[in-house]
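Engineer: what's the 3D shape of this:
(chains A, B, C and D)
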There are 4 protein chains.
Amino acid sequence: MANSRFEYVKNFEQPDHLLPNTWVVVRIDGRGFTKLCTKYNFEKPNDRRALDLMNAAAKAVVTEIPETTIAYGVSDEYSFVFHKSCTLFERRASKLVSTIVSTFTAYYIHLWSSHFPDTPLSAPLPSFDGRAVCYPSVQNLRDYMSWRQADCHINNLYNTTFWTLIKRGGMDGKEAEKFLAGTLAADKNEILFSKYQINYNNEPEIFKKGSVVFRDYELVEPDNRDLAKVADDAAEPPQQSRTQAENEKKQRAKARVVVDHLDIIKDDFWGRRPWLLSNKPGKIPKQT
Amino acid sequence: MANSRFEYVKNFEQPDHLLPNTWVVVRIDGRGFTKLCTKYNFEKPNDRRALDLMNAAAKAVVTEIPETTIAYGVSDEYSFVFHKSCTLFERRASKLVSTIVSTFTAYYIHLWSSHFPDTPLSAPLPSFDGRAVCYPSVQNLRDYMSWRQADCHINNLYNTTFWTLIKRGGMDGKEAEKFLAGTLAADKNEILFSKYQINYNNEPEIFKKGSVVFRDYELVEPDNRDLAKVADDAAEPPQQSRTQAENEKKQRAKARVVVDHLDIIKDDFWGRRPWLLSNKPGKIPKQT
Amino acid sequence: MANSRFEYVKNFEQPDHLLPNTWVVVRIDGRGFTKLCTKYNFEKPNDRRALDLMNAAAKAVVTEIPETTIAYGVSDEYSFVFHKSCTLFERRASKLVSTIVSTFTAYYIHLWSSHFPDTPLSAPLPSFDGRAVCYPSVQNLRDYMSWRQADCHINNLYNTTFWTLIKRGGMDGKEAEKFLAGTLAADKNEILFSKYQINYNNEPEIFKKGSVVFRDYELVEPDNRDLAKVADDAAEPPQQSRTQAENEKKQRAKARVVVDHLDIIKDDFWGRRPWLLSNKPGKIPKQT
Amino acid sequence: MANSRFEYVKNFEQPDHLLPNTWVVVRIDGRGFTKLCTKYNFEKPNDRRALDLMNAAAKAVVTEIPETTIAYGVSDEYSFVFHKSCTLFERRASKLVSTIVSTFTAYYIHLWSSHFPDTPLSAPLPSFDGRAVCYPSVQNLRDYMSWRQADCHINNLYNTTFWTLIKRGGMDGKEAEKFLAGTLAADKNEILFSKYQINYNNEPEIFKKGSVVFRDYELVEPDNRDLAKVADDAAEPPQQSRTQAENEKKQRAKARVVVDHLDIIKDDFWGRRPWLLSNKPGKIPKQT
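Structural biologist: Sure thing, here's the model as predicted:
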């Protein structure tokens, strides 16, 4: 059977290579997780098991796809960052997005029973969608990461207060919403503290800061140079020899992938972990 | 904490709406399935359990996402078709691709243990990548579907002969490859038949034709009109009232999603199932 | 001097091939023509010299770029249509748009002095911008063309009435605008007729219908078949032999490019000129 | 006449906004200029009148579109650079490309008779095509500019030698081509010098370096900082207040647009003209 007369249909595929020398962020979001939270009885405002499952899936993605520089997650979303010099899948957007989404989903489903041992999954199953965005400069990338973490903080402070008003203040959802309308962060802190003796600062870091996943090397003393400039400079031009790339890949494979809950808005996080922006693997810490 | 100074990063997201009034095909492919076949000892040339698992996952996708018109699968790939009038996710490519890939992956992992009860999954888990392609006319779409099914036939005839030469002819892979170099379809049929008494026509339809997943309504008598023209005509213009859309959605939800192994190259398949190209639900068959 | 270390910058060019088998419309618009009308004292509501210049430039474009199927112009805009089977410049959007815009501009400037012999051009010179849009079906394309011609009619009826109120009714712009607010087409016709004895139907066709530019062959008797279906069918699949393409190119070169002012919304125009939708050159009319 | 049933066709326009915070280069190229050179008897290897016309048109573009940072031209091509913070036309690719191409073409045609007073234009007229490319970093942008200027040098040395061999050495085209095959830059310099007493270094700068067009402010002493880093830093983040933007627009309008023939590969050019990379207008030089 001649297949050739049909093959012209391949010409309809349109290339979707992302602009070279830009940071690529693939952000994935849970589909219909509001329903899912109800269906599986997730705790409010934060379900620790659900967050741990998200983090375990994200850690598996970062481990399995070593080109991932860093990932940041909050609630039912996760952002995976590829270095601006990354050429994985020739930077094809659909390949990058679909691979991340699929790998994440696979681990989320596979690891579900470890995190929810008493709650079997049933159709419709949890799933995620995703998209890729390019950021030309380190400043843009860091502003993206800061945007997500600031969002995490804002939402978590709101949700913590909202659910305290409901669970301990006896309000229903509408009352709590009305009560909080127009309040500032300081107001919410005050409500929590004066009415319910909750010091928001003592809430778990995973709730307040979200989760960050990266390869762990020895921390360095940050120098005085402007970080963004150093990094924008570091990977110019975007080419690299094949041997060098292979060596660095091996070093990267040796590094431990960690999940932590740190401030990624301030310079300190990035200054002490220069490998994140430079894409040069750091020193493997001595085993202890 | 003011989030507003970071929010400008949202402007870097670039729209990826697919051209209206075109058929959208989302094709997904198993990542590294050659390794996976070895790891989990898939039978050669076809592993019925693996194909059944693919089909079960595809059926779940078609059921859960009722905007899917039809799906066709072979080996570790599956193509999902959206009608040219479909406006799901505003036709955003990354949303469509990631949702299909994620939902498929979720069911593939979830249903694995039913199809491979004695073979637990372990990292790296199976995953899939995907892409979306637009086809302007029914002819283009049908040529795409024909391309995949012709490919299925060509590969299956080759693989069936190749593995027969190895398993029953005692050749190793290189010998079998050399032996088959330059042979035509007729030659392979002849080898199978005269040497090994295998009539290729009697091979299981699922291997020869692949699998097609769709909503099942009562078959109709195909009329004499040109199918493509009728269908190109049927959905013009692409708009539809909300009520009508809702009604059809309900009808669609009642239809049974079936997996079958039929010739989708010839007109007959499409002629007797006009709902596939017209997007008008057919009659629900009487229960028997 | 080694140029090679800079050549990597070529990789930043991103492909912009338009989807195959779709009709391509390149629409160009005058930049800042409101100022230009004032600067060069264009007559209101229509300046015949300016329209003739637009048409002369469009005719030159259609003549010089034989892949153009048809063009339609009104006011300071012109739409150039390429057949869905057209592969000019590999369908690269920026090549198509820039070539059309540049060729049009060149003739507009070059022919200016023939149409405005007493009005020399001075900086800033007239210029145009452009964009390409794909239409998958004949119906979509015809609806695009109808949209532009309906727009021409609506604007011209308004402008004709508006300027009559000013020139003959002694109103100023604001008064005329207020007077016409909320009026329907019938009202404007009535105002023109009863107050100023102007029968709008007798206005010049070029003002009421705009201008259409195409290759002229012998008209045919339209048959009863649905035109769009015939045409959607006609060019499937989009491939064509090189010889055939060359022959048709020659035939096309022999055809006279005409500018006319016809109804392109009704079927008749397209039915009697099947070459426009089929892309098969017609019969050259006998010289008279 | 109701226009609304056609208006859906507007939805087929697809957005083409270029990625924010990247340098945009619009490069235009003469269409079929080999034929044009012959038709209008351009001098070989360089026609001064033709280059002056290109430069005059480019100067008009830079003057009329003040968002242009710098332009570089050689032979029948010209590259126009927009600062990474530029938001002209919302960064729509087709708007940017078509406007540049159209404005350039308009001046090229309009100014033709001043530069070729004895050679009237005739159809087919000169025209240009264009495309837009994004460069994320200053280094990428400068490498692009260096690429074009290095190309200018390589081509001009070749062409100068080639045409000397023909005009003074009596060779025909094929002989000259063969003679030069495999020669290095040094060889060509030597041929010119020893055989024809031509010191290539004394050739006109416009031929050796091409032409650069920019707004002229007072030169500054370059400081020791890394230029690219300073500039990458300078325009972060890409927002700017409206007032500030307006003020700078005015300052820019006062600056003289100059055409010069300078080395744009070395740091000196950019270091002494920091306004090019920073997008902050410099000091207007005192009139003399």
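Engineer: Strands of the stretch 151-288 of chain A, start to end?
Structural biologist: Assigned strands in the stretch 151-288 of chain A, in chain order: A:211-216, A:256-260 (criterion: DSSP state E, counting those that start in this stretch).
Engineer: Could you identify which of those is most buried?
Structural biologist: Sort the strands of the stretch 151-288 of chain A by mean neighbour count, taking mean count of other CB atoms under 10 Å in any protein chain shown, and strand A:211-216 sits at the top with a mean of 22. Placement of C-beta: from N, CA and C, glycine included.
Engineer: before we move on, the earlier item: and of the strands of the stretch 151-288 of chain A, who's closest to B:L219?
Structural biologist: strand A:211-216 (52.4 Å; CB to CB).
Engineer: Please compute how far stretch A:84-94 lies from its chain's middle.
Structural biologist: In this view, stretch A:84-94 has its centroid 18 Å away from the chain centroid, taken as CA atoms, centre = their mean, to the nearest Å.
Engineer: ok, now stretch A:260-274?
Structural biologist: 14 Å.
Engineer: For chain A, which residue gets nearest to chain C?
Structural biologist: Closest contact between chain A and chain C, by CB to the nearest CB, is at A:P15 (5.1 Å).
Engineer: how close does that residue get to A:S94?
Structural biologist: 10 Å (CB to CB, to the nearest Å).
Engineer: Who has more neighbours out of the two?
Structural biologist: Legend: neighbour count by other CB atoms under 10 Å in any protein chain shown for A:P15 and A:S94, higher for A:S94 (25 against 11).
Engineer: isn't the more buried one right next to B:F128, touching?
Structural biologist: No: at 11.8 Å, A:S94 does not count as touching B:F128 under the criterion of CB atoms under 8 Å.
Engineer: just to revisit the earlier point, go through the strands of the stretch 151-288 of chain A and name the closest to B:D118.
Structural biologist: Of all these, strand A:256-260 sits nearest to B:D118, with 30.9 Å by CB to CB.
Engineer: Strand A:211-216 and that closest one, what's the angle between them?
Structural biologist: If you take axes from the mean of the first three to the mean of the last three CA atoms, to 10 degrees, strand A:256-260 sits at 150 degrees to strand A:211-216.
Engineer: Can I get strand A:256-260 in PDB? Just the C-alpha atoms.
Structural biologist: This file holds the C-alpha atoms of strand A:256-260, laid out as PDB (Å, rounded to 0.1, in the frame of the first residue of the first chain):
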ATOM      1  CA  ARG A 256      20.800  15.700  44.900                       C
ATOM      2  CA  VAL A 257      17.500  17.200  43.900                       C
ATOM      3  CA  VAL A 258      16.000  18.900  47.000                       C
ATOM      4  CA  VAL A 259      12.600  20.400  47.800                       C
ATOM      5  CA  ASP A 260      12.700  23.400  50.100                       C
END
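Engineer: hang on, the earlier thing: between the strands of the stretch 151-288 of chain A, which one is closest to chain B.
Structural biologist: With CB to the nearest CB as the criterion, chain B lies closest to strand A:256-260 of the strands of the stretch 151-288 of chain A, at 12.5 Å.
Engineer: buried residues in the lengthiest helix in chain A?
Structural biologist: Longest helix in chain A, counting residues (DSSP state H): helix A:138-167. Within helix A:138-167, the residues scored as buried using 16 or more other CB atoms under 10 Å in any protein chain shown are A:138-153, A:155-158, A:160-166.
Engineer: Of all residues in chain A, which one is closest to chain D?
Structural biologist: Relative to chain D, the nearest point of chain A is A:P136 (3.9 Å; CB to the nearest CB).
Engineer: Make sure that residue is actually in contact with D:L18.
Structural biologist: No: applying CB under 8 Å as the test, A:P136 and D:L18 come out as separate, 11.0 Å apart.
Engineer: Compare the two and say which one has the larger neighbour count.
Structural biologist: A:P136 (27 against 21).
Engineer: Which pLDDT value goes with the nearest residue to that one once chain neighbours are set aside?
Structural biologist: Distances taken as CB to CB, 6 or more residues apart in numbering or on different chains place D:P136 nearest to A:P136, at 3.9 Å, with adjacent residues excluded. Looking at D:P136, its pLDDT is 97.
Engineer: can you check A:V230 too?
Structural biologist: pLDDT, A:V230: 58.
Engineer: A:K286 now?
Structural biologist: Per-residue confidence (pLDDT) for A:K286: 75.
Engineer: what's the answer for A:A234, then?
Structural biologist: On the pLDDT scale, A:A234 gets 50.
Engineer: Equivalent analysis for the one 3 residues further on, please.
Structural biologist: Turning to A:P237, the model gives it a pLDDT of 47.
Engineer: What distance do you get for the residue nearest to A:A253 when sequence neighbours are not counted to A:N55?
Structural biologist: Nearest in space to A:A253, with sequence neighbours left out and distances taken as CB to CB, 6+ apart, is A:P66 at 6.1 Å. Distance, A:P66 to A:N55, using CB to CB: 18 Å.
Engineer: Neighbour count for those two, which is higher?
Structural biologist: Comparing A:P66 with A:N55 by other CB under 10 Å, the one with more neighbours is A:N55, at 22 against 17.
Engineer: Would you check that that one makes contact with A:V213?
Structural biologist: Yes: counting by CB under 8 Å, A:V213 is a contact partner of A:N55 at 7.0 Å.
Engineer: Spit out the residues that contact the two alike.
Structural biologist: Common neighbours of A:N55 and A:V213, using CB atoms under 8 Å, 6 or more residues apart in numbering or on different chains, are A:G73, A:V259.
Engineer: What ranges in the stretch 151-288 of chain A fall below the confidence cut-off?
Structural biologist: Scanning the stretch 151-288 of chain A for pLDDT under 70 picks out A:224-240, A:287-288.
Engineer: please redo it, this time with the cut-off set to 50
Structural biologist: A:235, A:237-238 (pLDDT under 50).
Engineer: all helices for the stretch 51-200 of chain A, in order.
Structural biologist: A:93-115, A:138-167, A:173-180, A:185-190, A:196 (DSSP state H, counting those that start in this stretch).
Engineer: Now the third one: buried residues?
Structural biologist: Under the neighbour-count criterion of 16+ other CB under 10 Å, helix A:173-180 has A:A176, A:L180 buried.
Engineer: what's in contact with it?
Structural biologist: By CB under 8 Å, 6+ apart, helix A:173-180 touches A:Y158, A:T161, A:F162, A:W163, A:L165, A:I166, A:G169, A:M171, A:K188.
Engineer: Let me have those residues in CSV, extended by distance to C:P222.
Structural biologist: Converted to CSV, these look like this (distance: CB to CB, whole Å):
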residue, distance to C:P222
A:Y158, 66
A:T161, 72
A:F162, 68
A:W163, 71
A:L165, 73
A:I166, 71
A:G169, 77
A:M171, 72
A:K188, 73
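Engineer: Dead centre of chain A: give me the residue that sits there.
Structural biologist: In chain A, the centroid-proximal residue (CA atoms, centre = their mean) is A:Y72; its distance is 2.3 Å.
Engineer: my read: that one touches A:R148, true?
Structural biologist: Yes: between A:Y72 and A:R148 there is a contact at 5.7 Å, judged by CB under 8 Å.
Engineer: which neighbours do those two share?
Structural biologist: Common neighbours of A:Y72 and A:R148, using CB under 8 Å, 6+ apart, are A:S79, A:G210.
Engineer: From the buried residues of helix A:138-167, list the ones also adjacent to chain B.
Structural biologist: Among the buried residues of helix A:138-167, the residues that sit close to chain B (CB under 8 Å from any CB of the partner chain) are A:N140, A:D143, A:Y144, A:S146, A:W147, A:A150, A:D151, A:H153.
Engineer: Go through those and say which is closest to A:E43.
Structural biologist: Of all these, A:H153 has the smallest distance to A:E43: 19.6 Å, by CB to CB.
Engineer: Quick check, that closest one in contact with A:F207.
Structural biologist: No: contact criterion CB under 8 Å: A:H153 and A:F207 do not qualify, at 9.7 Å.
Engineer: Neighbours of A:A123, how many?
Structural biologist: Look at A:A123: counted by other CB under 10 Å, it has 10 neighbours.
Engineer: I am finished for the moment; much appreciated.
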